[in-house]
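Participant: sequence first, then the predicted structure:
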Amino acid sequence: MIQIRDEIASDIGARECLLDACFGQNRWAKTSVRLREGRRPADDLSFSAEGADSRLVGTVRLWHVGAGDRPALLLGPLAVDPTMQGCGLGTRLMRVALGQARVLGHAAVLLVGDAPYYARFGFSPARAAGLFMPGPFERARLLGLELVAGALDGAGGILHPTGALAPIPSLGADTVAAEARRQAA
């Protein structure tokens, strides 16, 4: 049995390992990462999927961004343990995250991803047509979803981070070593 729950602080290490397994070290070079860098995820919009063995097998987060002059959320990354892919866990995580965003009163969600996969949730490249990332991106992969009708009508400009700044982590030996490995990759 897999339980989807709010992310907790003790998930962070396992989450980073899961993201490395799913996306590799080049995940750090993506423009969407630049939008999240140094920010906290949106409150109450980070979820973890935990397997029966208490192992983290899935994750999704949403982040505050400005879509031109409009507030929006940026979804990502969505990741499912490779051994669990194809079981519908990604769909469950998406439904929980989008449902909670709707309950909390958010109007729009953006993401960079595979249009055919995300279309099932209502995402469309047309909803993000006037928006741009602040670095390299594939136009067809920038997708938008309106949780409130018309929220992205006429939206244009560059996405920019608007969420709360993350606390500066202490630079213990493990943190310094991990950052050195990331930069060397």
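Facilitator: That came through, no problem.
Participant: now for the residue nearest the centre of the chain: which residues touch it?
Facilitator: Closest residue to the average C-alpha location of the chain: residue 76 at 1.3 Å, with Cα atoms, centre = their mean. With contacts defined as Cβ atoms under 8 Å, 6 or more residues apart in numbering, residue 76 is in contact with 32, 36, 60, 61, 63, 111, 112, 113. To be clear about C-beta, it is placed using only N, CA and C from the backbone, and glycine gets the same treatment.
Participant: in JSON lines, list those along with pLDDT, secondary structure and distance to residue 45.
Facilitator: Converted to JSON lines, those look like this (pLDDT from 0 to 100; DSSP: H, G, I helix; E, B strand; the rest coil; distance: Cβ to Cβ, whole Å):
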{"residue": "32", "pLDDT": "93", "secondary structure": "helix", "distance to residue 45": "16"}
{"residue": "36", "pLDDT": "94", "secondary structure": "helix", "distance to residue 45": "12"}
{"residue": "60", "pLDDT": "98", "secondary structure": "strand", "distance to residue 45": "9"}
{"residue": "61", "pLDDT": "98", "secondary structure": "strand", "distance to residue 45": "7"}
{"residue": "63", "pLDDT": "98", "secondary structure": "strand", "distance to residue 45": "8"}
{"residue": "111", "pLDDT": "98", "secondary structure": "strand", "distance to residue 45": "13"}
{"residue": "112", "pLDDT": "97", "secondary structure": "strand", "distance to residue 45": "17"}
{"residue": "113", "pLDDT": "96", "secondary structure": "coil", "distance to residue 45": "17"}
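Participant: point out where the chain drops to low pLDDT.
Facilitator: 169-185 (pLDDT under 70).
Participant: related to what we said a few turns ago, just the buried members of the contacts of residue 76?
Facilitator: Neighbour-count burial (16 or more other Cβ atoms under 10 Å) applied to the contacts of residue 76 gives 32, 36, 60, 61, 63, 111, 112, 113.
Participant: could you dump the contacts of residue 76 to TSV with distance to residue 81?
Facilitator: Shown next, in TSV, are the contacts of residue 76 (distance: Cβ to Cβ, whole Å):
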residue	distance to residue 81
32	21
36	21
60	13
61	16
63	22
111	20
112	21
113	18
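Participant: which one of these is nearest residue 82?
Facilitator: Residue 82 lies nearest to residue 60 out of these, by Cβ to Cβ, at 16.1 Å.
Participant: need the contact list for that closest one.
Facilitator: The contact partners of residue 60, by Cβ under 8 Å, 6+ apart, come to 46, 47, 75, 76, 77, 78, 79, 93, 94, 96, 97.
Participant: ok, now how distant is it from residue 80?
Facilitator: Using Cβ to Cβ, to the nearest Å, residue 60 is found at 9 Å from residue 80.
Participant: what about the strands in the chain?
Facilitator: Listed in chain order, the strands of the chain (DSSP state E) span 3-6, 46-50, 56-67, 70-75, 79-80, 108-112, 131-132, 142-146, 157-161.
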